[in-house]
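Engineer: build the 3D model from these lines:
(4 chains)
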Number of protein chains: 4
Amino acid sequence: MLGYFGPAGTFTHQALMTFSDAEAVPFATVSQALDAVRAGSVEAVLVPIENSVEGGVSVTLDALSAGRRLMIVREVLLPVQFNLYARPGTRLEDVRKVVTHPHSAAQTREWMASHLPQASVTEGGSNAASALEVSDPGSRFDAAICGEIAGEMYGLEAIATGIADNASAVTRFVLVSRPAEPPRRTGHDKTTLVAFMQTDRAGALLEILEQFSGRGVSLSRIESRPTKTGMGNYCFSIDAEGHLRDPRLAEAMQGLHRICEDVIFLGSYPRADGVDAHVPRGFADSDFAAAKDWYTSLVHPGDE
Amino acid sequence: MLGYFGPAGTFTHQALMTFSDAEAVPFATVSQALDAVRAGSVEAVLVPIENSVEGGVSVTLDALSAGRRLMIVREVLLPVQFNLYARPGTRLEDVRKVVTHPHSAAQTREWMASHLPQASVTEGGSNAASALEVSDPGSRFDAAICGEIAGEMYGLEAIATGIADNASAVTRFVLVSRPAEPPRRTGHDKTTLVAFMQTDRAGALLEILEQFSGRGVSLSRIESRPTKTGMGNYCFSIDAEGHLRDPRLAEAMQGLHRICEDVIFLGSYPRADGVDAHVPRGFADSDFAAAKDWYTSLVHPGDE
Amino acid sequence: MLGYFGPAGTFTHQALMTFSDAEAVPFATVSQALDAVRAGSVEAVLVPIENSVEGGVSVTLDALSAGRRLMIVREVLLPVQFNLYARPGTRLEDVRKVVTHPHSAAQTREWMASHLPQASVTEGGSNAASALEVSDPGSRFDAAICGEIAGEMYGLEAIATGIADNASAVTRFVLVSRPAEPPRRTGHDKTTLVAFMQTDRAGALLEILEQFSGRGVSLSRIESRPTKTGMGNYCFSIDAEGHLRDPRLAEAMQGLHRICEDVIFLGSYPRADGVDAHVPRGFADSDFAAAKDWYTSLVHPGDE
Amino acid sequence: MLGYFGPAGTFTHQALMTFSDAEAVPFATVSQALDAVRAGSVEAVLVPIENSVEGGVSVTLDALSAGRRLMIVREVLLPVQFNLYARPGTRLEDVRKVVTHPHSAAQTREWMASHLPQASVTEGGSNAASALEVSDPGSRFDAAICGEIAGEMYGLEAIATGIADNASAVTRFVLVSRPAEPPRRTGHDKTTLVAFMQTDRAGALLEILEQFSGRGVSLSRIESRPTKTGMGNYCFSIDAEGHLRDPRLAEAMQGLHRICEDVIFLGSYPRADGVDAHVPRGFADSDFAAAKDWYTSLVHPGDE
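Structural biologist: All right, here's what the predicted structure looks like:
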């Protein structure tokens, strides 16, 4: 059984349906979804991790790096489309009070300001919860900003469509399970790590980046998060190109382990966009194998 | 006239009162507060920028780097204390529905889960708006999580105090004005910049960091933010130790300007904690002056 | 009046004649030649500094960085051709004792071993001095290894020609004068520096290199030389692409000055091969000017 | 049977006697000594590799990196003391013509210039060969600059002692054998390598240095040598702190192999000064072992 950050009708739900049509359990918060995996009550859950407009989803980043270890096994990319949904019969010019998730509010701010300047936007829970709220005839809200699946699920009517300020916005979701042997290498993989820097180490972030650049590994995302132990203490949530079993990543990860206070491995999995990793000259598997053979021949010259 | 992220009673209001007791204007959103400065209707506004537990305040970071230039002229640090406030007469065990700002919800999650497991927490606008909401006898909420100033301002009663999961949490606020000549050097200054990396430049973040490390400048904060132009395109919001007029920072900033798509200067101002900048050997003002004198003597040997 | 590392007939003499046919003074040693410039008895002298086979000419590198400052104003490249010269009438098969400069001996070792295995090679002073020695009918040497000019000057006969092991060997010479304003920029310049590292600074060489790479400056030569103060203490003799007045080199040199125990500027002068400097994106004069303008506009916003 | 760079009486001979009193074979040149090891006619030979005043011994550096592989198994440090030796009865004030090895000439230049300004110094073969030459009553030389062992061996008389310009000069010698399993780790080891950079790789030297610095390995010597394939093409002769079997060096060497055109391993052997290697935090054997264990536990989570 799979789960997802719900309720039914969220973009996460929509993303889940792109690869599974089995029944799945919605969870009210990302934390609850991840805890259900930890407890074993579901096999895996889908949660949002990053948005091309709003950035990392802090609650997901933080919940993944605290508590019992979890592992990302898949990623899904979903274009984000926002509509304005109201109870049937509502006219656009009558809308005064709108509710939506803070990220959705942020991504439609300009459209709202220019098309509905008289409306106030309240930040509520999920988009779907906002749609549910509006579907209640006694609700103090006139409309909800949400995606198609949520609007239709709760019987609302789209009174404006395509209202995202940035039409090309994309959200990235990850499917999270308990730790296991990672999915096999495909050549277009991504590895997610959290590195906790040693706070008394000058230039710690530079050193962290050098672990990757020095082994020919590109990063596709890096975000600092406070470690909650004091202003200025960070950990870094990192997506690196490549798979745990790529020798260049294997060496980079071990290098990271040596210089960091702690490193959390959150999984190696295929990239949703299927783009092959760029491997600079000198960092292919064959280069690592040749270097190892050479080294071995020096340590044991008799075996040549 | 000063303004702040309101309504009256927010932590931001509380932070403002630590350095000014003149009347000040509350604004409903950070964006509106900053736009009022841009429009000249207030001289400067105080807004939250970073929390030791929740990280950077995305809306502030994004609003500072978009639109007409603004400038940070002061920072304020405020310990964050949360209480649970309800209408007089409410008993703790009767609380079922709680409202608060998402950051406040995040910072009291554990306390709520262990002390009020039966209560649901709804994420509303600001802490003060939540207190205001609860003060309405007809409110569907029983209690608000907020600071002392907000609770008292709206006539509520603290039914639980000190409920933050992390007792040492601190929020950092910045006073933002229109661009002008920055405050003078104090020796314990901080400079805030936003660097937009060239997307086709391999190792762009590493190069950005080297602009600072190569001139002996330490960073106290670095956060990646999406540029909203596509997944994987970032800008970096950076707090560097030192003042625009420190030669090591002057050179680092110009180096940054050369390798970046764009750089936004958001101000040089005294550090709230008053700690002097650490200047490594070779990067003091006198070292820069000596190097310049030497260089000049080579270009114009006759002037020696 | 110019001087050169003599006697008449050396490769240095030959190199001098490529750009000057005025009378010039030979000096017995590189040190004496440079001291004559310091003393003002000649205007400038030509000395060998580097050979594509034998490497840097240690005595020149050391003499340039000790004593009163000098300045390189020109470089000359000369292909190196060796012949075997003997007194007229000598047959190749009778040659038993050969004399030449140590560098010439090194560059003809293989030819001698395969063609004249019975001959012993003695390392003498210059090639020309060797030719002079052989021209004495009473000499204990049968032949000298030297260039055409020396062989003919002393009336010897070439009994074998083109005997260099490496047919493409090239020697580089520099014209050295007293310090003055360097020759003007040509766009294909070279700058010679000596950097003395701080011996207690970990990674000092890495830091030295970063001063250049961080400003887009390529190096065409780097050689370590002992500082003569103890095993393991080095200075680095460096040729950098570019001119003292190129802003990227100006900044790199000042950076070097800040982190080094000492830096000696030995001149900016046109490259003999006329190849334009490679300037990476972000490091052109215009990039430096734009960065400076931007910075100035921040310090003095009123002047915009 | 051991061999050495002779003839009998050289500093190399003196250095050999510090650890072996067995009979040993002198060779006329460093190349001949190393070729005798390659041919198997001697077990190992001692040759000079570096002098604290004159720098690397080019002929040794070049001969070690060309031809069939060899391996350094021991190093010896010897303080360098020069005396002026003449045939018995010669008076200091009568000395006009002096012969010695070029390095010895270089290291006594100042003393000679101030005490024997009227004497000319001819650069001959070894110090011992110079002493032998002077011992011939028919020699055209009056005196030789050499060490005590050479002077006494050829029946000469010291007419001036301690004439080195730098009283603390030290020469380093290495004992070279055919490749075999290197001497075991002592904790105070040195590893000698030659790295041939890829000529079309920008910043190749910087990358080479980063292979070491990124793994916490310090370098005690680095010298560029031309590869004899054209001006500006270098290889780097490097002494790194540590032993082939130290994991930090094992990884650095493999990293070097991947980015270089070629790498030559010339041996791991105990440091003559017995100083333990400095191992920065994070680079001890135990750090490498812990990182490897962690990585293995991720690849095979079932084995935990």
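Engineer: CA only for contacts and neighbour counts going forward, please
Structural biologist: Fine.
Engineer: and the residue nearest to A:Thr199 when sequence neighbours are not counted, what's its pLDDT?
Structural biologist: Among residues not flanking A:Thr199 along the chain, A:Asn233 sits closest, at 6.5 Å (Cα to Cα, 6 or more residues apart in numbering or on different chains). Predicted confidence (pLDDT) at A:Asn233: the value is 78.
Engineer: next one: A:Asp303
Structural biologist: pLDDT, A:Asp303: 52.
Engineer: give me every residue that touches whatever residue of the stretch 1-150 of chain A ends up closest to chain C.
Structural biologist: Per Cα to the nearest Cα, A:Ser52 is where the stretch 1-150 of chain A lies closest to chain C, at 27.7 Å. Neighbour list for A:Ser52: A:Ala169, A:Val170, A:Thr171, B:Pro226, B:Thr227, B:Lys228, B:Thr229, B:Gly230, B:Met231, B:Gly232 [criterion: Cα atoms under 8 Å, 6 or more residues apart in numbering or on different chains].
Engineer: surely the third one meets A:Val57?
Structural biologist: It refers to A:Thr171. No - between A:Thr171 and A:Val57 there is no contact under Cα atoms under 8 Å: 10.0 Å.
Engineer: show me the shaky parts of the stretch 201-304 of chain A.
Structural biologist: Along the stretch 201-304 of chain A, segments meeting pLDDT under 70 span A:201-202, A:230-232, A:302-304.
Engineer: mind listing the helices for chain A?
Structural biologist: Along chain A, counting by DSSP state H, helices occupy A:11-16, A:30-39, A:58-65, A:102-107, A:109-115, A:127-135, A:148-153, A:204-213, A:247-259, A:285-299.
Engineer: A:Leu193 bridge partners, please.
Structural biologist: Counting by DSSP bridges, A:Leu193 is bridged to A:Ile238, A:Phe265.
Engineer: number of residues surrounding A:Gly67?
Structural biologist: A:Gly67 is flanked by 11 other residues according to other Cα atoms under 10 Å in any protein chain shown.
Engineer: contacting residues around it?
Structural biologist: Contacts of A:Gly67 (Cα under 8 Å, 6+ apart): none.
Engineer: phi, psi of it?
Structural biologist: A:Gly67 has phi and psi values of phi 80, psi -170 when expressed as degrees, to the nearest 10.
Engineer: pLDDT at it, what is it?
Structural biologist: pLDDT for A:Gly67: 87.
Engineer: now the one 10 residues further on
Structural biologist: The predicted local distance difference test score for A:Leu77 is 96.
Engineer: from A:Met253, how far off is the nearest residue to it once chain neighbours are set aside?
Structural biologist: Spatially, and ignoring its direct neighbours in sequence, A:Leu77 is nearest to A:Arg172 (4.6 Å; Cα to Cα, 6+ apart). Taking Cα to Cα, to the nearest Å as the measure, A:Arg172 falls 24 Å from A:Met253.
Engineer: next to chain D, which bits of chain A? Give me the list.
Structural biologist: A:179-182, A:210-211, A:214, A:244-245, A:250, A:253-255, A:257-259, A:265, A:281-283, A:287-288, A:291-292, A:294-295, A:298-302 (Cα under 8 Å from any Cα of the partner chain).
Engineer: of all the contacts of A:Ser52, which two lie farthest apart?
Structural biologist: A:Thr171 and B:Thr227 (14.2 Å; Cα to Cα).
Engineer: neighbour count: those two, which is higher?
Structural biologist: A:Thr171 (23 against 20).
Engineer: quick one: contacts for the more buried one?
Structural biologist: A:Thr171 touches A:Pro48, A:Ile49, A:Glu50, A:Asn51, A:Ser52, A:Leu77, A:Leu78, A:Pro79, A:Val80, counting by Cα under 8 Å, 6+ apart.
Engineer: so what's it bridging to?
Structural biologist: On the basis of DSSP bridges, A:Thr171 is bridged to A:Asn51, A:Leu78.
Engineer: just A:Asp189 next, same as before
Structural biologist: Taking DSSP bridges as the rule, A:Asp189 bridges to A:Pro270.
Engineer: for it, give me its contacts.
Structural biologist: Shown in contact with A:Asp189 (Cα under 8 Å, 6+ apart): A:Glu241, A:Gly242, A:His243, A:Ser268, A:Tyr269, A:Pro270, A:Arg271, A:Asp276, A:Ala277.
Engineer: same thing but at 10 Å, please
Structural biologist: A:74, A:183, A:240-244, A:246, A:268-277 (Cα atoms under 10 Å, 6 or more residues apart in numbering or on different chains).
Engineer: and it, what pLDDT?
Structural biologist: For A:Asp189, pLDDT reads 97.
Engineer: quick one: it from chain D, how far?
Structural biologist: Separation of A:Asp189 from chain D (Cα to the nearest Cα, to the nearest Å) stands at 15 Å.
Engineer: now swap in A:Leu78 and tell me
Structural biologist: 29 Å.
Engineer: quick one: contacts for that residue?
Structural biologist: A:Leu78 sits next to A:Phe11, A:Thr12, A:Gln14, A:Ala15, A:Leu16, A:Thr18, A:Asn51, A:Ala169, A:Val170, A:Thr171, A:Arg172, A:Phe173 when contact means Cα under 10 Å, 6+ apart.
Engineer: repeat that for 8 Å
Structural biologist: Counted by Cα under 8 Å, 6+ apart, A:Leu78 has contacts A:Ala15, A:Val170, A:Thr171, A:Arg172, A:Phe173.
Engineer: with adjacent residues omitted, what lies nearest to the residue nearest the centre of chain A?
Structural biologist: Among the residues of chain A, the one closest to the centroid is A:Ile49, at 1.7 Å (Cα atoms, centre = their mean). Counting by Cα to Cα, 6+ apart, A:Ile49 lies nearest to A:Val57, which is 5.0 Å off, once chain neighbours are set aside.
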